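Novice: Could you work out the structure for the sequence below:
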Amino acid sequence: MEPPDDDAVPHELDAELEAESYWHKFTQDLVDTRFRSVLWRLPALVRMAFGLAWSASRLDTAATVVLQVTAGLLTALGLLATRGVLESLFAAGPTPDRVRAAIPALAWVTLATAGRAALTTAAGWAQARLSPRVRVAAELELLKVTSRVELAAFDDDAYADDIERARNRGTQSSVALVDHGIDLLTGVVRFLAVAGTLLVIHPLLLPVLIAAAVPECWGAVHAARAAYLARARWVARSRRSWTLGHLLADRRHAPEVRAFNLRDYLLSRYLRLLRGTLATDLDIARQQTAARAVGGALSGVGKAGVYVLLGVLLVGGGLPLAAAGTAVFALQAGAGALTQLIFHINGLYEDGLYARDYAQVREATAGRAERSSTLTAPPPAELRLESVTLTYPGADGPALTDVSLVVRTGETIALVGANGGGKSSISKLLGCTYAPSTGRVLWDGVDIAGYAPDQLRSHISVVTQDFAHWPFTAREDIRIGAEHRPATNAGIEAAARAAEAHTMITELARGYDTLLDKNFKGGQELSQGQWQRLAAARGFYRDAPVLICDEPSAALDPRAEFALFQQLRTGAAGRMTVLITHRLANVRHADRIYVLDHGRVLESGDHEELMAFDGVYAELFTLQAAGYLTEDPAH
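Specialist: The predicted structure is shown next:
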């Protein structure tokens, strides 16, 4: 299938994704990176790596370090013992005597080799245990702070970018950072062991070996930089291709993909993105291969020079034959250790950029957590908004302006008006999920700023049109409305009956134990109206003294809607109820009705008072009532 011409398809999403800059956050850092600056930052990155590891598991971290260091020491012992073996074998005298003389040193070589293998295996096991612990700890720490952040933060696009960056790469890089840190330590210990051996054999061998490794190091850093910069360039396309692939395979989008015959359209756009990604991947491969080829060739020349030096020393009598043989083993081990060091230094730096970003986002997010307080909030007898104004982050103007209202226990107030009038914004203030920009929200006359929001919300139940489809059983879906309370079947079923959901639930395959998610085996999907009944049951099960209902019947059929509002009126005596709805027939019995428009209260009063006032409410009520008349009211 050929992708359509670029001009034939709108690119709003392309522009939006390309504009996202957080993936480019560290691009300039890497552009300016030289190996010297990488080494300069290395100590801080190592401290970060071992700090993460230590916090995840002290035992596994300590075991990994001790075992790897001991294995490195055995490497040195094995090399020195190898020299003893060679000295015995190359000594003058009969061959049997030389072999017998080499046996003790050979035993040490065997013990050192076996011991190093055992210790390396044990260290690998400890490190394998450590990595998932770091991942779990990193994810858990991030989720702890994000779940406590104030709700207003989610309206801040910068916060959304930060969280996306931290979750997408930060937690993974935290694990990789720890792995690179430990492997770097292993490489350092191994190299030091080899370096000590080379210095004992001849002091010139070590600096020449290090010089030979520099070109390979340059090639590795250059290749990593090329991959990182390319990733920054094509990440928007990559994310978009993932989005399109998800649309083609996702169950929720499947009906509309088929209803509008979108398969070919989406596939063509997906293919175009894949072609761009393929071209980028091939370019990365070319750059990396070239860099590694140049670095490898130069390092190869350097390593050849090391062996030339070894030969010169041997021919000139500056090095015994046994020492030269040991040096060959040591040089091979040293070259491997240097390669390991180069790889992990580079990986430590690259993943350190993202891990550092993760740590910064975590700290910044913790700073946006909801306030805490030692004050205990009693169940309220009165909630009052006092001249409140609310402006959402990034908004051009306020959603609410100078709004005042009150609701008391036993009362029902209704908020009505056009879309965008500010009704849901008021419910957020009364529900203690948002704080006003100016003005006060009073809880029995006390400003809620003195209480912890989660403590206030323990007295509030919410039923909204924007409800969550929790992927739990029907029983748990209701119970999480008050998960802190001991669950009883009677209480859960009573809440379901109040929401007209009991019969619907019992007709499911496993009744209240039916999993409500078709993405899992045995799961079932509900209609939107059935989901709304379940959301109402969850709100009723909470049984809080404050009930906020924001369009609670938007997806309900007439019978279910009638039963829901009957239940609201029946239970209104013992609590305060805030009702938001466009169906004005359901607010006639409210104690007070507040009519909102563009964030301001235009009218307030009960139904009879507002109809007599003949203002906006009367107009809206008359328009809705006209829909049930048999002839046009204009006539």
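Novice: mind showing which ranges of the stretch 151-300 of the chain have poor pLDDT?
Specialist: Filtered on pLDDT under 70, the stretch 151-300 of the chain yields the residue ranges 157-158, 160-161, 164-165, 168-169, 221, 224-225, 227-239.
Novice: any idea where the strands of it begin and end?
Specialist: With DSSP state E, counting those that start in this stretch, there are no strands along the stretch 151-300 of the chain.
Novice: One more: the stretch 401-550 of the chain?
Specialist: Using DSSP E, counting those that start in this stretch, strands in the stretch 401-550 of the chain cover 412-417, 438-443, 446-447, 460-464, 546-550.
Novice: I'd like those as a markdown table, with distance to residue 605 appended.
Specialist: Any C-beta I mention is one placed from the backbone N, CA and C, and that applies to glycine too. Formatted as a markdown table, those follow (distance: least, Cβ to Cβ, whole Å):
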| stretch | distance to residue 605 |
| --- | --- |
| strand 412-417 | 11 |
| strand 438-443 | 22 |
| strand 446-447 | 27 |
| strand 460-464 | 25 |
| strand 546-550 | 20 |
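Novice: Can you add mean pLDDT and distance to residue 264 and give the ones you listed back as CSV?
Specialist: Compiled in CSV, the strands of the stretch 401-550 of the chain are given as follows (pLDDT from 0 to 100; distance: least, Cβ to Cβ, whole Å):
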stretch, mean pLDDT, distance to residue 264
strand 412-417, 93, 44
strand 438-443, 95, 53
strand 446-447, 93, 59
strand 460-464, 89, 38
strand 546-550, 92, 40
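Novice: Residue 339 is nearest to which of the ones you listed?
Specialist: strand 460-464 (58.7 Å; Cβ to Cβ).
Novice: Can you check what angle separates that closest one from strand 546-550?
Specialist: 10 degrees (axes from the mean of the first three to the mean of the last three Cα atoms, to 10 degrees).
Novice: Name every strand pairing with strand 460-464 and say which way it goes.
Specialist: strand 546-550 (parallel) (DSSP bridges).
Novice: From the chain's centroid, how far away is the next helix or strand after the partner strand?
Specialist: The first helix or strand that comes after strand 546-550 along the chain, using DSSP states H and E, is helix 558-570. Distance of helix 558-570 from its chain centroid, counting by Cα atoms, centre = their mean, to the nearest Å, is 40 Å.
Novice: What of stretch 577-591?
Specialist: 40 Å.
Novice: and it, which residues are buried?
Specialist: 577, 578, 579, 580, 581, 582, 584, 586, 587, 590, 591 (16 or more other Cβ atoms under 10 Å).
Novice: cool, stretch 468-478 as well?
Specialist: Buried residues in stretch 468-478, counting neighbours by 16+ other Cβ under 10 Å, are found at 470, 473, 474, 475, 476, 477, 478.
Novice: Check the separation of the first and last residues in that stretch.
Specialist: 12 Å (Cα to Cα, to the nearest Å).
Novice: picking up where we left off before, nearest to residue 278, of the strands of the stretch 401-550 of the chain?
Specialist: Across the strands of the stretch 401-550 of the chain, closest to residue 278 is strand 460-464 (Cβ to Cβ), at 44.9 Å.
Novice: Report the angle between that closest one and helix 558-570.
Specialist: Using the same axes, to 10 degrees: strand 460-464 against helix 558-570 is 160 degrees.
Novice: Check the offset of strand 460-464 from the chain's centre.
Specialist: Counting by Cα atoms, centre = their mean, strand 460-464 comes out at 27 Å from the chain centroid.
Novice: in terms of contact, does residue 205 touch residue 335 like I think?
Specialist: No - judged on Cβ atoms under 8 Å, residue 205 makes no contact with residue 335 at a distance of 11.6 Å.
Novice: For the closest residue in space to residue 616 that isn't next to it in sequence, give me its contacts.
Specialist: For residue 616, ignoring the flanking residues on the chain, the nearest one in space by Cβ to Cβ, 6 or more residues apart in numbering is residue 595 at 5.3 Å. Counting by Cβ atoms under 8 Å, 6 or more residues apart in numbering, residue 595 touches 416, 417, 601, 602, 603, 604, 610, 615, 616, 617.
Novice: swap the cut-off to 10 Å and go again
Specialist: Residue 595 sits next to 414-418, 421, 423, 601-605, 610, 613, 615-618, 620 when contact means Cβ atoms under 10 Å, 6 or more residues apart in numbering.
Novice: Now list the buried members of the residues you listed.
Specialist: For the contacts of residue 595, buried by 16+ other Cβ under 10 Å: 414-417, 421, 423, 601, 603-605, 610, 616-618, 620.
Novice: still on that earlier bit, joint contacts of residue 205 and residue 335?
Specialist: With Cβ under 10 Å, 6+ apart as the test, residue 205 and residue 335 both reach residue 306.
Novice: What residues does the residue most central in space within the chain make contact with?
Specialist: Within the chain, one residue has its C-alpha closest to the average C-alpha position: by Cα atoms, centre = their mean, that is residue 167, at 2.5 Å. Residues near residue 167 by Cβ under 10 Å, 6+ apart: 139, 142, 143, 146, 358, 361.
Novice: Out of these, which end up buried?
Specialist: Buried among the contacts of residue 167 (16+ other Cβ under 10 Å): 139, 142, 146, 358, 361.
Novice: now those as JSON lines including distance to residue 444 and pLDDT?
Specialist: Formatted as JSON lines, the buried ones among the contacts of residue 167 follow (distance: Cβ to Cβ, whole Å; pLDDT from 0 to 100):
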{"residue": "139", "distance to residue 444": "40", "pLDDT": "83"}
{"residue": "142", "distance to residue 444": "37", "pLDDT": "81"}
{"residue": "146", "distance to residue 444": "31", "pLDDT": "80"}
{"residue": "358", "distance to residue 444": "42", "pLDDT": "78"}
{"residue": "361", "distance to residue 444": "38", "pLDDT": "78"}
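Novice: Restricted to helices, list those residues.
Specialist: Using DSSP state H, the members of the buried ones among the contacts of residue 167 that fall in helices are 139, 142, 146, 358, 361.
Novice: Residue 175 versus residue 132, what's the distance?
Specialist: From residue 132 over to residue 175 the distance is 8 Å, taken as Cβ to Cβ, to the nearest Å.
Novice: sorry, back to before: quick one: which of the buried ones among the contacts of residue 595 is nearest residue 383?
Specialist: Of the buried ones among the contacts of residue 595, the one sitting nearest to residue 383 (Cβ to Cβ) turns out to be residue 415, at 13.1 Å.
Novice: Residue 514 - how many residues pack around it?
Specialist: 20 (other Cβ atoms under 10 Å).
Novice: hang on, it packs against residue 520?
Specialist: No - between residue 514 and residue 520 there is no contact under Cβ atoms under 10 Å: 11.3 Å.
Novice: Quick one, grab the pLDDT at residue 339.
Specialist: Listed pLDDT for residue 339 reads 76.
Novice: which pair in the ones in helices among the buried ones among the contacts of residue 167 spans the largest distance?
Specialist: 139 and 361 (13.1 Å).
Novice: which residues do the two both contact?
Specialist: Going by Cβ under 10 Å, 6+ apart, residues that sit against residue 139 and also against residue 361 are 167, 170.
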